[in-house]
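S.K.: The amino acid sequence is not available; the structure is as follows:
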């Protein structure tokens, strides 16, 4: 459950970061871009119960994390500078199916696998886990993307002959963060950089941002893939096979 919510929070941070801050779009445009993902999570969470009679929680858990892994890998390879492209929307929808299915599944497993007298404790622990995972997922995504961006930018600047030390010394390279091209161009124009050097810096910034996002999505995919392992510990029975909490009657033969 922690992995599911953390991955969702990380994606919900990464996509709006890129759309609203980097591309400079409005909050409404960002909300519209995220609508396919949010709607898919909503409907998947409701409709997944229809397959409970055919698939066990263990199978649904594994398939859900596999879908999340494939979706994040797909996004890492197809994402460009436009989040409204069909391949990107397909990746968001695929990730939403896995997320919605897993959230409902894990909640139902917690309810059915816990004694009734511990229902309050289970609900509190679930809520705490979700809140903590959302905070950790957002914080780690931010730190990961900024760290990747700084590393990539510094490496590309060092290997770019168009950006000599004289120009680099006029820019604060100790606090690299995600900025729009217009903002970077405005900052570079206040230095002694030539127009060609300004455009070279903008190119480095554009390529580094996209590469940082791609690597970040691949790391998220690795986390989703690792979560397939604990998903294998989920119950492996159908609803009609749920074992009873009541002790067997005297003389009854134990069922294997």
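M.R.: Received the coordinates, thanks. A quick note: this is a predicted structure, and the numbers were derived from the prediction, not measured.
S.K.: what about the closest residue to residue 144 other than its chain neighbours, distance to residue 77?
M.R.: Spatial nearest neighbour of residue 144, excluding adjacent residues (Cβ to Cβ, 6 or more residues apart in numbering): residue 216 at 5.4 Å. Bear in mind the C-beta positions are built from the backbone N, C-alpha and C, glycine included. For residue 216, the distance to residue 77 equals 13 Å [Cβ to Cβ, to the nearest Å].
S.K.: I'd say residue 122 and residue 114 touch.
M.R.: Yes: between residue 122 and residue 114 there is a contact under Cβ atoms under 8 Å: 4.6 Å.
S.K.: which residues in the protein form helices?
M.R.: 2-16, 27-47, 57-78, 86-113, 119-158, 165-168, 181-188, 195-226, 228-231 (DSSP state H).
S.K.: so which of the ones you listed gets nearest residue 175?
M.R.: helix 119-158 (8.7 Å; Cβ to Cβ).
S.K.: okay, the angle between the closest one and helix 2-16?
M.R.: In terms of direction (axes from the mean of the first three to the mean of the last three Cα atoms, to 10 degrees), helix 119-158 departs from helix 2-16 by 40 degrees.
S.K.: who does helix 119-158 touch, helix- and strand-wise?
M.R.: Counting by 3 or more Cβ pairs under 8 Å, 6 or more residues apart in numbering; DSSP states H and E, the packing neighbours recorded for helix 119-158 are helix 2-16, helix 86-113, helix 195-226.
S.K.: from the chain's centre, how far out does the shortest one sit?
M.R.: What that stands for is helix 2-16. Between the centre of helix 2-16 and the centre of its chain there are 4 Å (Cα atoms, centre = their mean, to the nearest Å).
S.K.: Can you check what pLDDT the model gives residue 87?
M.R.: The model reports residue 87 with a pLDDT of 84.
S.K.: Is it correct that it is in contact with residue 76?
M.R.: No: the pair residue 87 / residue 76 is not scored as a contact, 11.5 Å apart, by Cβ under 8 Å.
S.K.: Can you tell me how far residue 26 is from residue 10?
M.R.: Distance, residue 26 to residue 10, using Cβ to Cβ: 23 Å.
S.K.: more neighbours, the two?
M.R.: The neighbour comparison of residue 26 against residue 10 (other Cβ atoms under 10 Å) goes to residue 10, with 27 against 10.
S.K.: Run a quick check on that one versus residue 221, I expect a contact.
M.R.: No: Residue 10 is beyond contact range of residue 221, at 10.9 Å (criterion: Cβ under 8 Å).
S.K.: wait, isn't residue 211 in contact with residue 152?
M.R.: Yes: under the criterion of Cβ under 8 Å, residue 211 makes contact with residue 152 at 5.4 Å.
S.K.: Comparing residue 87 and residue 76, which shows the higher neighbour count?
M.R.: Shown here are residue 87 and residue 76; by other Cβ under 10 Å, residue 76 has more neighbours (18 against 12).
S.K.: Report the contact partners of the more buried one.
M.R.: 214-215, 217-218, 221 (Cβ atoms under 8 Å, 6 or more residues apart in numbering).
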